[in-house]
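Enquirer: A predicted structure for the sequence below; I have some questions about it.
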Amino acid sequence: MPISSERRGHPVFAWLLAAAGLLLALAVSALPPRAAQAAPPPQAATPPAAGDVIAISSDQQCLDCHTAPDQTMPLANGETLYVTMDQAQFAASAHGQADVACRDCHTEITQYPHEALAAQSLRQVTIEKSATCQECHQDQAARVADSIHAQLRADGNEDAATCADCHNPHYQVKVEPRARIPATCGRCHSGIEQEYRLSVHGAPVYANTNADTPLCIDCHGVHTIQDPRTAQFLDKSPQLCARCHADPERMAPYDLNTNVLSTYVADFHGTTTTLFEAQAPDQLPNTPLCIDCHGIHNIKAVTDAESSVIKENLLTTCQKCHPDATQNFSGAWLSHYTPSPEHNSLVYYVGLFYSVFVPVTVAGMSVYVVTDAGRQLIRRRQKGAGPVHPPTDSGSGSRPPAAPPPQPEPPVPAPESAAPPESAAPEVPEPAATPEPPAPAAPEGDH
Ligand code: HEC
Ligand code: HEC
Ligand code: HEC
Ligand code: HEC
Ligand code: HEC
Ligand code: HEC
Ligand code: HEC
Ligand code: HEC
Ligand code: HEC
């Protein structure tokens, strides 16, 4: 004030301003500071005369005052608490039906005027009054205490959900319609609910046409919700999807392939994810999970134009991790098909060829090895009986001059010893056994 008056240089102005300022200041300080705010008392049903203290001994007393329309109460932060209740709706609720009374929950309220509220905001009213739930619902309370919402609140995030956010303590009915659940979460996670509402999983929930698709709580849990971006959660997420998608009974009405998990696990991507889970449970997998290809809350039918896996969009999906991929790359991938004459026939026939060729070869080799070992054994026995009988062996003419020295000897020619080369010579034929394997043609049947 002095600055402005001096600059203007008009003492009269300065006086007038000073006087006006003084008057204003007096007027303001004359008012009791909070009278204005405290003024709008709830249009309560006959609020008792100031100073009177009314003891409350029945729920009817609560209702007598609290059913009067449109009563409000100002909170310290300026927000307004609405304190009128709908008696009929309360009576129809899970608690009303179970004869849970006002005072069973509001144990702190024993008289009017009520004890001053500690809560400064609407948010704090909800949090403080939710503490009462654990008196009767210990199980749920214990689970919630370990949830991400409770952890976040403990870390100072007041917005994270508590009991009364998800359950209206006065009006929740016992059997809630399914569609209410995503809406409950959506009060705070509205972006996700919006995506979910348009997804192949969410749309039928709101349309009430399908009880098989997952709600938020089917994937996240109810009272035990955890942070879904940890390695533990993500590594397990394929199993989460598979709970339904590998269940033939559940998938039958939708005619959906139930090999999606088995083909995924067999695939290089799934193999790596499985290894990750086993060997580095704390590390985020770098290979795609179901959700990397299909989306999370916005999953679409694979024939939907917006699907991330429809042919037109698939390459972009692969390019998230394979930036150099071309159309051939995604085209050559087997997806969830096990190769068959219809899908990836080349792979199917190559696989078929190997599935016949390999066992046949192995069987042939085995037969050879066994018969050969048998022959050796017989020879050795015969040798043990009569020391020198070279020519009259088991007969087969193709056999090289039956090598007299027993097996252990051959590989040890002992180069140091000045042994004459002749002694080694007769052994040479023995290794000749190796060249023979060019397997006998299919001694067995097919497999
Ligand atoms: C004589 C009328 C009257 C009675 C009886 C009464 N209330 Fe109130 N209640 C009020 C008014 C008025 C407010 C608004 C705040 C204020 O003016 O104190 C209020 C506020 C509340 C609040 C919000 C503020 C707070 O302190 O938590 C709750 C909860 C509440 N009442 C519950 C109850 C319950 C439960 C009963 C019965 C056990 C009850 N009231 C009985 C008049 C009453
Ligand atoms: C199952 C426990 C429970 C019962 C029963 C219950 N309340 Fe409440 N009440 C609460 C909780 C929790 C809150 C805090 C809700 C919030 O603000 O989110 C609350 C809040 C209130 C409030 C403050 C306004 C509001 O809605 O937040 C009033 C008033 C109130 N209750 C009155 C009553 C009366 C009257 C009855 C009996 C007819 C009653 N309550 C029965 C748990 C209960
Ligand atoms: C005085 C004990 C008591 C308190 C405190 C209490 N409840 Fe309840 N609650 C009950 C009873 C009894 C039932 C009915 C149980 C039944 O029918 O199976 C019930 C039912 C429920 C249901 C419905 C259960 C169902 O099967 O659909 C929910 C949800 C619920 N309570 C939540 C709460 C929440 C949230 C609070 C805290 C604001 C709370 N309760 C406080 C006793 C209590
Ligand atoms: C994030 C939301 C959320 C929070 C927080 C929450 N609940 Fe629930 N609660 C639910 C949902 C959703 C259901 C219904 C589950 C169903 O239909 O399978 C449920 C079910 C219940 C039931 C019925 C029995 C049961 O276990 O299914 C009770 C009782 C209950 N909750 C009490 C509580 C209490 C007490 C708290 C606080 C300690 C709490 N809830 C916190 C969402 C929540
Ligand atoms: C009262 C508001 C509220 C409600 C209702 C609520 N949440 Fe939350 N939730 C939060 C807040 C706040 C966070 C912390 C993260 C954030 O700020 O987005 C959170 C975090 C989460 C997280 C951990 C992810 C993260 O970003 O940390 C999951 C999962 C989650 N909520 C699922 C649910 C589900 C499922 C429901 C319904 C059953 C639900 N929430 C209901 C407020 C809520
Ligand atoms: C089919 C299973 C599934 C359903 C249904 C589902 N979620 Fe999720 N949600 C997930 C998975 C998996 C993640 C982790 C994805 C990631 O972030 O990598 C996740 C992440 C989240 C997150 C944390 C990440 C973020 O984007 O903020 C929140 C919060 C969440 N979900 C809430 C919800 C809500 C609310 C609903 C219902 C409207 C819902 N979810 C339905 C599987 C599901
Ligand atoms: C609670 C069971 C359940 C869970 C869990 C579940 N789904 Fe589904 N899903 C379904 C049902 C049922 C349908 C069919 C919906 C329809 O067609 O109306 C479906 C449809 C789909 C479709 C569309 C198929 C098509 O082309 O029609 C895809 C893709 C899909 N789910 C992927 C996933 C993924 C990925 C996960 C895990 C993050 C998952 N689902 C978790 C039940 C489930
Ligand atoms: C690398 C990308 C990728 C991964 C990872 C992936 N999918 Fe798929 N998925 C696809 C493609 C592409 C299609 C469409 C072509 C087809 O039907 O095979 C598809 C189709 C589907 C379908 C529809 C099947 C039908 O009968 O029409 C379902 C359901 C499905 N996937 C679920 C899953 C589940 C569950 C997982 C994880 C276990 C998963 N997918 C992993 C790319 C993927
Ligand atoms: C989330 C990231 C991610 C996405 C999305 C992804 N991949 Fe991969 N892919 C990988 C990683 C990591 C490897 C290396 C795995 C290993 O060798 O253990 C890999 C390996 C492969 C391989 C083996 C040959 C090679 O290049 O190493 C093929 C083929 C392949 N991916 C095809 C696809 C196709 C087709 C798609 C789209 C439908 C796709 N991938 C989407 C991460 C991804």
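Expert: Thanks, I have it. Ligands and ions are numbered 1, 2, ... in the order given.
Enquirer: give the residue spans of this structure that score low on pLDDT.
Expert: Regions of the chain meeting the criterion pLDDT under 70 cover residues 1-50, 332, 334, 338-352, 354, 384-447.
Enquirer: let's see it at 80
Expert: With pLDDT under 80 as the threshold, the chain has low-confidence stretches at 1-51, 265-266, 268, 272-286, 329-335, 337-361, 364, 382-447.
Enquirer: and it, which of its residues are near ligand 6?
Expert: Within the chain, the positions adjacent to ligand 6 are 182, 185-186, 189, 192-193, 196, 201, 214, 216, 218-220, 228-229, 237, 291, 296-297 by CB under 6 Å from any ligand atom. C-beta here means a position set from N, CA and C on the backbone, and glycine is covered the same way.
Enquirer: put the buried members of those residues into a ChimeraX selection.
Expert: When burial is assessed using 16 or more other CB atoms under 10 Å, the buried subset of those is captured in ChimeraX by this command:
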select :182,185,186,189,192,193,196,201,214,216,219,220,228,237,291,296,297
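Enquirer: how is this structure carved up into domains?
Expert: The record, using automatic domain parsing to delimit domains, assigns the chain the ranges 2-30, 54-166, 180-225, 226-338, 345-370+437-447.
Enquirer: among the ones you listed, which is nearest Leu377?
Expert: Smallest distance to Leu377 across the domains of the chain (CB to CB): 10.6 Å, for domain 345-370+437-447.
Enquirer: before we move on, which element is His269 in?
Expert: Per DSSP states H and E, His269 falls inside helix 268-279.
Enquirer: which parts of the stretch 101-250 of the chain sit against ligand 3?
Expert: By CB under 6 Å from any ligand atom, the residues of the stretch 101-250 of the chain that approach ligand 3 are 104-105, 130, 132-133, 135-137, 163-164, 167, 169, 172, 174.
Enquirer: tell me which strands and helices the helix or strand containing Arg380 is in contact with?
Expert: Element membership of Arg380, judged by DSSP H and E, is helix 345-385. In this structure, helix 345-385 makes packing contacts with no helix or strand, judged by 3 or more CB pairs under 8 Å, 6 or more residues apart in numbering; DSSP states H and E.
Enquirer: near ligand 7 at all, stretch 195-206?
Expert: Yes. If you take CB under 6 Å from any ligand atom as the test, stretch 195-206 does meet ligand 7, through 200-201, 204.
Enquirer: quick one: neighbours of Val144, just the number.
Expert: Other residues near Val144 number 22, with proximity taken as other CB atoms under 10 Å.
Enquirer: relative to ligand 4, how far out is it?
Expert: The gap separating Val144 from ligand 4 is 4 Å, by CB to the nearest ligand atom, to the nearest Å.
Enquirer: how close does the residue nearest to that residue when sequence neighbours are not counted sit to Ala116?
Expert: Spatial nearest neighbour of Val144, chain neighbours left out: His223 (4.8 Å); criterion: CB to CB, 6 or more residues apart in numbering. From His223 over to Ala116 the distance is 32 Å, taken as CB to CB, to the nearest Å.
Enquirer: of those two, who's got more company?
Expert: Of the pair His223 and Ala116, His223 is the one with more neighbours under other CB under 10 Å, namely 19 against 7.
Enquirer: phi, psi for that one please.
Expert: With angles defined as degrees, to the nearest 10, His223 sits at phi -90, psi -10.
Enquirer: quick check: Cys241 touching Thr258?
Expert: No. Checked against CB atoms under 8 Å, the pair Cys241 and Thr258 is beyond contact range at 11.4 Å.
Enquirer: contact partners for Ala305?
Expert: Each residue near Ala305 by CB atoms under 8 Å, 6 or more residues apart in numbering is listed here: Glu312.
Enquirer: look up phi and psi at it.
Expert: Note on Ala305: backbone dihedrals following degrees, to the nearest 10 are phi -60, psi -30.
Enquirer: any idea how far it lies from Ser366?
Expert: With CB to CB as the criterion, Ala305 and Ser366 are 56 Å apart.
Enquirer: measure Lys236 to Pro228 for me?
Expert: Between Lys236 and Pro228 the distance is 10 Å, computed by CB to CB.
Enquirer: okay, now the nearest residue to Gln120 once chain neighbours are set aside: neighbour count?
Expert: By the measure of CB to CB, 6+ apart, the closest residue to Gln120 outside its immediate chain neighbours is Ala76, 4.2 Å from it. Burial of Ala76 is recorded as 13 neighbouring residues (other CB under 10 Å).
Enquirer: which helix or strand contains Ala76?
Expert: Ala76 is part of no helix or strand when elements are defined by DSSP H and E.
Enquirer: for ligand 9, what's the nearest residue on the stretch 1-150 of the chain?
Expert: Shortest the stretch 1-150 of the chain-to-ligand 9 distance, computed as CB to the nearest ligand atom: residue-wise this is Ile148, at 24.0 Å.
Enquirer: so that residue is in contact with Asp227, correct?
Expert: Yes. Applying CB under 8 Å, one finds Ile148 in contact with Asp227, separated by 5.0 Å.
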